[in-house]
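Peer 1: sequence? don't have it. structure:
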């Protein structure tokens, strides 16, 4: 079989599996998940051997330390993966939930019921734990999964998927519920994206080029997990201590994630006083600042280092690093305009004691998550109390912001009548 | 400006309008809708003159009587359009509704709030009233609209859109909230579909070629309103009188719509008795039957006319006419398999007195609307009590089945804190 036939075959098998999976009760799915967790532990040695192959190649290819760290598995990390699977098994099952039920005057009873989506394609890069996270959340919600991971972690991905498949088989999960494409050819992404007959939804997780390739070719819905240019506006009525803590947290607690702050806007009236508080805290963490005119001169006067002039490109850059763009604005309006123009509508924040302005910001900023007086780092399924997260959608349709189990379902209308016809 | 620049310009203007529209309160939007209704009536003469141009061309092009009827406007039809707009103005506004609100242990308060989607592109064919329906429902939900109607009704569409724009302007609706592309060049569809920066969602309403063109090119989410191959299964435990009434209604009450039945499956045990009841009723309405082996011979024995042998293609054909495919099956399983294989997952029905089987059918059939003992013709926003309908989604993501006002919105998370940072 050539690649396109192979992927078509995967699609047919997954569609078949999805139909069987959709009929399973919660207990059966949860038993399968627990068996998968057991099998990840039992297959630990095989998974780590496979992971060593990926690591050897990563070292030969001179990948960065951060990349290698993301690739690396270990017995404790496998333990965490297994524990994560057991946690998902323990969560309530959204499938079958009746979202709304009513009776029309003619007596037909209409129920809106949560059901699985069907077949979900997950296209991701580097982190091998996504193989397990994605497959497990899809299984929990009764969806078949076609996984397509990146070449860097292909051996680890195959080993993890095989462990999940073995665990599932033991517990009677339909065959082909979890499929992983062993080919790392880029064309595989295109073939998946065009196969709308057999894949109901694609979730790409990764860099711009990957997401662009999916969006360009996809015939089915795509829920993007794209970049976060998160912006914090420090108002003239801000508690400056609070603003400092929020920015230090949002920028430096974990800069490589999409909900980390990338730009700070400061009202001109409080800029000098605020920079005096903020500068030493950021300097402590070696945050490089990219500042515009007024912010640049005020920070230079404080002898902040490293400090460079911001360029137009900085305002829309996701650094994912200890770098922060910073700008003085003349009004809340200018801040709102800046955020709407340059932000990525992921997570944006105002720090202010002005309740009227805070509420206005929450209303007018059209982002997946909008904050008043809290760190943008809370945009996360765990922090929202969802129990599990498949990612953070930067799209507006179907799912926006953190995606938990519910967002991996759709609904159907179920109508019970006693012979009603339309007049 | 060439066409692509023109459409890009429309996109930018619509995005600008959407931001302003999103800030309007319900009262302002409703006042604008009422002013639009007034203006449709006030502009009646101009609209009917424009409509005459379309009708003259339709006659010159020898369009079918049904097509010409769909194109034709009249004073009473404009009155109905205006009344429809006033009805939408009177409906509750979903925007701003708090879907869920909770406080996390760290004290951050999270609200999930309904908001407009942004800019919605509507691509449709022939019926000029869609111009008003689509624009009005989008305005109600705070979305800017870019309309692209078919060439058959272009003059009527322009005249209606101008009336809506004038009415909106009187009531202070942001300019460019409703835009109509006056070009009927097919390339316009492609340019719209590629403009994901300025269009958040495209809803195509029309034939297969139109929907295929949108799906092939679209970079943004598409909610398809595609075909309905609706199937009714008459079980061995069916009330045969009820089954007859349901089929006559679902096939003949309005055969040209997507929720009309196209195929009937009958359990072998009751087929002869059932055909005796059904045949005279369908013959009365001149329904042509396309029957498989057993159904063919039994109907032929009843001297049913017109009767032909069904071919493989019949099982997946949407006739939209007084034609019905009919087949005898040996079991409910065979019926379910047939529906999953050939149906379009729009609206499917079982007629049975067997409650266990009825519930199983409702559970196992993965269609937007699944019926037990009622006509498929109820798949409709009005019949569901939604008050308004932009169409019936045959996709699974974001909206499935009848789409009312709520389905024209998305949500955002609003977080109120008092300085919380992530630990």
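Peer 2: Sure thing, it's come through. Here the structure is a predicted model, which means the values were calculated and not measured.
Peer 1: Pick out the least confidently modelled helix or strand of chain A, by mean pLDDT.
Peer 2: Sorting the helices and strands of chain A by mean pLDDT, DSSP states H and E puts helix A:65-71 at the bottom, at a mean of 88.
Peer 1: helix or strand right after it?
Peer 2: Going down the chain from helix A:65-71, the next helix or strand is helix A:75-90, by DSSP states H and E.
Peer 1: Pull out the buried residues from that next one.
Peer 2: For helix A:75-90, a neighbour-count test (16 or more other Cβ atoms under 10 Å in any protein chain shown) marks A:78, A:81-82, A:84-85, A:88-89 as buried. To be clear about C-beta, it is placed using only N, CA and C from the backbone, and glycine gets the same treatment.
Peer 1: packing partners for the least confident helix or strand of chain A?
Peer 2: helix A:44-60 (3 or more Cβ pairs under 8 Å, 6 or more residues apart in numbering or on different chains; DSSP states H and E).
Peer 1: roughly how far out does the top helix by length along chain A sit from the chain middle?
Peer 2: Counting by DSSP state H, the longest helix found in chain A is helix A:3-22. From the chain centre to the centre of helix A:3-22 is a distance of 25 Å (Cα atoms, centre = their mean, to the nearest Å).
Peer 1: Could you pull up phi and psi at the closest residue to chain B within the stretch 1-150 of chain A?
Peer 2: Nearest residue of the stretch 1-150 of chain A to chain B, counting by Cβ to the nearest Cβ: residue A:108, 5.3 Å away. Dihedral angles of residue A:108 (phi, psi; degrees, to the nearest 10) stand at phi -70, psi 140.
Peer 1: contacting residues around residue A:225?
Peer 2: Contacts here follow Cβ atoms under 8 Å, 6 or more residues apart in numbering or on different chains; on that basis residue A:225 touches A:203-205, A:211, A:258, A:391-394.
Peer 1: nope, residue A:389 is what I was after
Peer 2: Residue A:389 touches A:380-382, A:402-404, counting by Cβ under 8 Å, 6+ apart.
Peer 1: Please identify which pair of those residues lies farthest apart.
Peer 2: Using Cβ to Cβ, the two most remote members of the contacts of residue A:389 are A:382 and A:403, lying 12.2 Å apart.
Peer 1: Could you pick out the residues of the stretch 201-350 of chain A near chain B for me?
Peer 2: A:201, A:215-216, A:219, A:221-223, A:239, A:242, A:245-246, A:248-250, A:253, A:340 (Cβ under 8 Å from any Cβ of the partner chain).
Peer 1: hmm, try it at 10 Å
Peer 2: A:201, A:212, A:215-223, A:239, A:241-243, A:245-250, A:253-254, A:259, A:336-337, A:340, A:345, A:347, A:349 (Cβ under 10 Å from any Cβ of the partner chain).
Peer 1: For the buried ones among those, write the corresponding ChimeraX selection.
Peer 2: Remark: buried members of these, expressed as a ChimeraX selection using 16+ other Cβ under 10 Å:
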select /A:201,215,217,218,219,220,221,222,223,239,242,243,245,246,247,248,249,250,253,259,336,340,345,347,349
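Peer 1: What about the residues of the stretch 201-350 of chain A next to chain B, which are in strands?
Peer 2: A:201, A:347, A:349 (DSSP state E).
Peer 1: Just confirm residue A:311 contacts residue A:327, I think it does.
Peer 2: No. Taking contacts as Cβ atoms under 10 Å, residue A:311 lies outside contact range of residue A:327: 11.9 Å.
Peer 1: Strands - which of the contacts of residue A:225 land there?
Peer 2: Short answer: those in strands (DSSP E) are A:203-205, A:391-393.
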